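>>> Sharing a model prediction with you, sequence too.
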Amino acid sequence: MSIKPILFENGILKMIDQRLLPTEEVWREYSDCPSVAEAITTMVVRGAPAIGVAAAFGAAFGASHIQEDNYADFFSEFEKACALLAATRPTAVNLFWALERMKGCAQIHRDLPLPELKARLFAEAQEIAVEDERLNRTLGANGAPLIADGARVLTHCNAGALATAGYGTALGVIRAAVEEGKELLVYADETRPFLQGSRLTAWELMRDRIPVTLICDNMAGYLMSKGEIDCVIVGADRIAANGDVANKIGTYTVAVLAREHQIPFYVAAPLSTIDLSIADGSGIPIEERSSREITHVGEQRLAPDAVAVRNPAFDVTPARLVSAIITERGVVTGDYSQGLKALAAKGA
Ligand SMILES: CSC[C@H]1O[C@H](OP(=O)(O)O)[C@H](O)[C@@H]1O
């Protein structure tokens, strides 16, 4: 059973501290909005869908701590809690999708007595989490036919159970293929600078006994040139209406290499990652993170003091380099503008 990185038990949110994996499995407990916001900013919890789930619980905690019994004050305070969470990380649209869903829930149930309204918001957050894992399994099954038996699959970053409420998106497709009896070998890019591949994907797949080989990011092209990669599958943090994909930094590089070597490049993402309000990738905000993620590993300094650093945490892969987008409602190829709009319009 793949790990669930976020648990809600007895009114307490428990999240595994992904900064400490793979060497330590430490679960941290949360019961207020500001601490959940900090957990998202500092990447205790990370991964687009997981960020959305955490934010949903953060919003519910925000509501639960509001003392006002005056409904007008309640909604203005609830809005402030959601704004605090919205300011944590800019790229993964699941965060904003989850907050809009929580605000919508509050409005739908605004006539409930305040204690019942607060309880309903926790129930909504729990539904978001349960739905996420369920739709990842559907998405995985939709994508599994694209992965041949015996395939050597390259993935970048971690789009696994740790990046979601469970099962994973890109790794969900891999899990589904394995569950169908296919023999696979996964090559995991270490994914500098935060090392989600070496620290999280390798740990997650070994835990599930799925064969995985760790490589440095700069080795992907060599393995492709040697014919050792059959396909690439990655997750996404935001997909624009035309199919441009924002994902972990380095994804665009892998996509260009895959096109050069005529290797299929697949993106696995739920509908909550698709942002039809943004026409193309140029409109996707790209998070810049601390230079320390590059100049240090833990307390060890790897670069000269005061060296200039850039640290964009994501890049944008143009739709023309994407072979297919795998979602819980089906697989889209070709004209993504039409295909994504049709999927969004399709019933669940
Ligand atoms: C299933 S989406 C995972 C997605 O999120 C990661 O970013 P981060 O670890 O910075 O939250 C990465 O882009 C993954 O592909």
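Perfect, thanks for sending it.

>>> Get me the contact residues on the protein for the ligand.
46-49, 157, 159, 163-164, 169, 196, 234-235, 237, 247-248, 313 (C-beta under 6 Å from any ligand atom). Quick note: C-beta positions are derived from backbone N, CA and C, even for glycine.

>>> which stretches of the protein form helices?
33-41, 48-64, 71-86, 93-108, 114-143, 170-179, 196, 202-207, 220-225, 251-260, 292-295, 336-345 (DSSP state H).

>>> how about those in JSON lines, adding mean neighbour count?
What follows is these, written out as JSON lines (neighbours: other C-beta atoms under 10 Å):
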{"stretch": "helix 33-41", "mean neighbour count": "20"}
{"stretch": "helix 48-64", "mean neighbour count": "28"}
{"stretch": "helix 71-86", "mean neighbour count": "17"}
{"stretch": "helix 93-108", "mean neighbour count": "21"}
{"stretch": "helix 114-143", "mean neighbour count": "20"}
{"stretch": "helix 170-179", "mean neighbour count": "26"}
{"stretch": "helix 196", "mean neighbour count": "27"}
{"stretch": "helix 202-207", "mean neighbour count": "20"}
{"stretch": "helix 220-225", "mean neighbour count": "17"}
{"stretch": "helix 251-260", "mean neighbour count": "20"}
{"stretch": "helix 292-295", "mean neighbour count": "16"}
{"stretch": "helix 336-345", "mean neighbour count": "16"}
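
>>> Please tabulate the ones you listed in a markdown table, including the columns distance to residue 268 and mean pLDDT.
Below are the helices of the chain laid out as a markdown table (distance: least, C-beta to C-beta, whole Å; pLDDT from 0 to 100):
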| stretch | distance to residue 268 | mean pLDDT |
| --- | --- | --- |
| helix 33-41 | 22 | 98 |
| helix 48-64 | 11 | 98 |
| helix 71-86 | 25 | 93 |
| helix 93-108 | 14 | 98 |
| helix 114-143 | 6 | 97 |
| helix 170-179 | 5 | 98 |
| helix 196 | 15 | 98 |
| helix 202-207 | 15 | 98 |
| helix 220-225 | 18 | 98 |
| helix 251-260 | 12 | 98 |
| helix 292-295 | 25 | 97 |
| helix 336-345 | 14 | 95 |
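
>>> Make JSON lines from those and add distance to residue 189 to it.
As requested, the helices of the chain are exported to JSON lines (distance: least, C-beta to C-beta, whole Å):
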{"stretch": "helix 33-41", "distance to residue 189": "23"}
{"stretch": "helix 48-64", "distance to residue 189": "18"}
{"stretch": "helix 71-86", "distance to residue 189": "29"}
{"stretch": "helix 93-108", "distance to residue 189": "22"}
{"stretch": "helix 114-143", "distance to residue 189": "19"}
{"stretch": "helix 170-179", "distance to residue 189": "12"}
{"stretch": "helix 196", "distance to residue 189": "9"}
{"stretch": "helix 202-207", "distance to residue 189": "10"}
{"stretch": "helix 220-225", "distance to residue 189": "6"}
{"stretch": "helix 251-260", "distance to residue 189": "7"}
{"stretch": "helix 292-295", "distance to residue 189": "16"}
{"stretch": "helix 336-345", "distance to residue 189": "24"}
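
>>> for these, which one sits closest to residue 317?
helix 251-260 (4.4 Å; C-beta to C-beta).

>>> Minimum distance to residue 324: which of the helices of the chain has it?
helix 114-143 (8.1 Å).

>>> Packing partners of that closest one?
strand 6-9, helix 48-64, helix 71-86, helix 93-108, helix 170-179, strand 265-268, strand 324-327, strand 330-332 (3 or more C-beta pairs under 8 Å, 6 or more residues apart in numbering; DSSP states H and E).

>>> got the angle for that helix vs helix 170-179?
60 degrees (axes from the mean of the first three to the mean of the last three C-alpha atoms, to 10 degrees).

>>> Please work out the angle formed by the directions of helix 114-143 and helix 71-86.
30 degrees.

>>> hang on, the earlier thing: put the buried members of the residues of the chain next to the ligand into a PyMOL selection.
Buried members of the residues of the chain next to the ligand, defined by 16 or more other C-beta atoms under 10 Å, are picked up in PyMOL with:
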select buried, resi 46+47+48+49+157+159+163+164+169+196+234+235+237+247+248+313
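
>>> Can you get me a residue count around the closest residue to residue 137 other than its chain neighbours?
Nearest residue to residue 137, sequence neighbours excluded (C-beta to C-beta, 6 or more residues apart in numbering): residue 167, at 5.5 Å. Residue 167 is flanked by 25 other residues according to other C-beta atoms under 10 Å.

>>> list the contacts for residue 167?
Neighbouring residues of residue 167 by C-beta atoms under 8 Å, 6 or more residues apart in numbering: 2, 133, 136-137, 140, 161, 175.
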